[in-house]
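Peer 1: everything below, folded, please.
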Amino acid sequence: MQRREFITLLGGAAVAWPLAARAQQPPMPVIGLLGSESLDRWASRMRAFHQGLSETGYVDGRSVAIEYRWAEGHNDRLPALAADLVRRRVSVIAAPGSTPAALAAKAATSTIPIIFWVGGDPIELGLVASLRRPGGNLTGLTTLNQKLAAKRVELLRELVPGTRSMALLVNPTSPTLTKTSVEDAQEAARTLGLKLHVLNASSDREIDAAFASVVKLRAGGLVLGTDAFFSSRLEQLSALAMRHAVPTIYQFREFAAAGGLMGYGGSLTEAFRGTGVYTGRILKGDKPADLPVQQVTKIELYINLKTANALRLSVPNTLFARANEVIE
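Peer 2: Modelled structure (predicted):
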């Protein structure tokens, strides 16, 4: 063999080796993210999710791929979207911020790991058998936002101390969420000596009708039940609250930022970051059954002072002192 031919052959082998090595690398894992709302609504939350993933060494597009499935506020679409992710054979399903999404994922597969973040008790919801030892293929986080319905009634009463009644708006297509919210709000109302009017809405037209009912009933304020259907319509809800002059409270800062009176709930940043961390741990080989369900303990209060002034409400100093942010 001529020396020049040998050098050429050797150089070609040097190029071929790394190409062969890359070809033998395992395929990139895929996360299926099942959301009840839409990406534009969740942009800031997804940054926290990606932060959690990066803390475990995963970066979207480099070491992991993400398949998004959005229900756009329509819970009835979730079963089909979850089934599609199962057919896609994703490595793990993340269902943050939506009890209906977590339940749809659980119904779709008993083998693919599922990481949830829900606002209620995962045991009561039937997602896990135990918080410490979940068992099965699900684990995740809870902010117990459903359990905060009573506290939202109390906060609203502080701003409208003279009222004798409140209203609670729930989505009847989410019976599990509705049951807990109604029970807790009713208990708080009884303690405060208030009459609680429970209203239902699962469409835009029914939301409009619900606000008209609040005015007709002369309720002193409105508590929005926790549901992705309402979360996807924050601007509509805050606009209706202002149009009808109804003091209204929900669980997210975004509601107060959009013009709603108050937001009170578990920290979204902590919840989404934690969901990302747990998703990354699953990709690294941890089993859902061995990862305890974590509770997000940070609760945040947001008050829109401009809205309070427009409604001619005087915000007590006690609420100012407890607020994480006063939006002006």
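Peer 1: got a list of what Leu222 touches?
Peer 2: Each residue near Leu222 by Cβ atoms under 8 Å, 6 or more residues apart in numbering is listed here: Leu156, Met166, Ala167, Leu168, Leu169, Phe211, Val214, Ala241, Val246, Pro247, Thr248, Ile249. All C-beta spots, glycine's among them, are computed from the backbone N, C-alpha and C.
Peer 1: among the residues you listed, which are located in helices?
Peer 2: Among these, DSSP state H puts Leu156, Phe211, Val214, Ala241 in helices.
Peer 1: before we move on, back to that, of the contacts of Leu222, which pair is most distant in space?
Peer 2: Pairwise distances across the contacts of Leu222 peak at 15.2 Å for Leu156 and Phe211 (criterion: Cβ to Cβ).
Peer 1: the more surrounded of these two?
Peer 2: With neighbours defined as other Cβ atoms under 10 Å, Leu156 and Phe211 compare such that Leu156 has more, 25 against 22.
Peer 1: which residues are contacting stretch 179-195?
Peer 2: Contacts for stretch 179-195 (Cβ under 8 Å, 6+ apart): 120-121, 124, 146-154, 157, 163-166, 168, 170, 196, 198, 223, 225-226.
Peer 1: now stretch 55-71
Peer 2: 28-39, 50, 53, 77-78, 81-82, 84-85, 88, 90, 101, 228, 273, 276-277, 279-281, 283-284.
Peer 1: now it: buried residues?
Peer 2: Within stretch 55-71, the residues that count as buried by 16 or more other Cβ atoms under 10 Å are Thr56, Tyr58, Val64, Ile66, Arg69, Trp70, Ala71.
Peer 1: what does stretch 70-85 give?
Peer 2: Applying 16+ other Cβ under 10 Å to stretch 70-85 flags Trp70, Ala71, Gly73, His74, Asn75, Arg77, Leu78, Pro79, Leu81, Ala82, Ala83, Leu85 as buried.
Peer 1: okay if I get the residues you listed as TSV plus secondary structure and distance to Glu254?
Peer 2: Formatted as TSV, those follow (DSSP: H, G, I helix; E, B strand; the rest coil; distance: Cβ to Cβ, whole Å):
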residue	secondary structure	distance to Glu254
Trp70	strand	17
Ala71	coil	18
Gly73	coil	14
His74	coil	19
Asn75	helix	19
Arg77	helix	22
Leu78	helix	21
Pro79	helix	27
Leu81	helix	23
Ala82	helix	25
Ala83	helix	30
Leu85	helix	26
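Peer 1: and for Met28, the neighbour number?
Peer 2: Taking other Cβ under 10 Å as the neighbour definition, Met28 ends up with a count of 12.
Peer 1: likewise Asp208?
Peer 2: Neighbours of Asp208 (other Cβ under 10 Å): 15.
Peer 1: give me the element it is part of.
Peer 2: Per DSSP states H and E: Asp208 is located in helix 204-217.
Peer 1: elements contacting that helix?
Peer 2: Applying 3 or more Cβ pairs under 8 Å, 6 or more residues apart in numbering; DSSP states H and E, we find helix 204-217 packed against strand 165-170, strand 195-200, helix 234-243.
Peer 1: same question for the longest one: list its buried residues.
Peer 2: Buried residues in helix 234-243, defined by neighbour count with 16+ other Cβ under 10 Å: Leu234, Leu237, Ser238, Leu240, Ala241, Met242.
Peer 1: just the first one next, same as before
Peer 2: Taking 16+ other Cβ under 10 Å as the basis for neighbour counts, the residues of strand 165-170 that come out buried are Met166, Ala167, Leu168, Leu169, Val170.
Peer 1: angle of it against strand 195-200?
Peer 2: Interaxial angle, strand 165-170 versus strand 195-200 (axes from the mean of the first three to the mean of the last three Cα atoms, to 10 degrees): 20 degrees.
Peer 1: same for strand 165-170, what does it pack against?
Peer 2: Using 3+ Cβ pairs under 8 Å, 6+ apart as the contact test, the elements touching strand 165-170 are helix 149-159, helix 175-192, strand 195-200, helix 204-217, strand 222-224.
Peer 1: returning to what we had before: reformat the contacts of Leu222 as CSV; add distance to Glu183 and pLDDT.
Peer 2: Formatted as CSV, the contacts of Leu222 follow (distance: Cβ to Cβ, whole Å; pLDDT from 0 to 100):
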residue, distance to Glu183, pLDDT
Leu156, 18, 96
Met166, 15, 97
Ala167, 16, 98
Leu168, 11, 97
Leu169, 15, 97
Phe211, 23, 97
Val214, 21, 97
Ala241, 24, 96
Val246, 23, 97
Pro247, 23, 97
Thr248, 21, 97
Ile249, 18, 97
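Peer 1: which one of the residues you listed is nearest Thr176?
Peer 2: Relative to Thr176, the closest of the contacts of Leu222 is Leu168; by Cβ to Cβ it sits at 15.7 Å.
Peer 1: what strand or helix carries Thr307?
Peer 2: Using DSSP H and E, Thr307 falls in helix 305-310.
Peer 1: quick one: mean pLDDT over that helix.
Peer 2: Here helix 305-310 scores 96 as its mean pLDDT.
Peer 1: which helices and strands does it pack with?
Peer 2: Counting by 3+ Cβ pairs under 8 Å, 6+ apart, helix 305-310 packs on strand 325-327.
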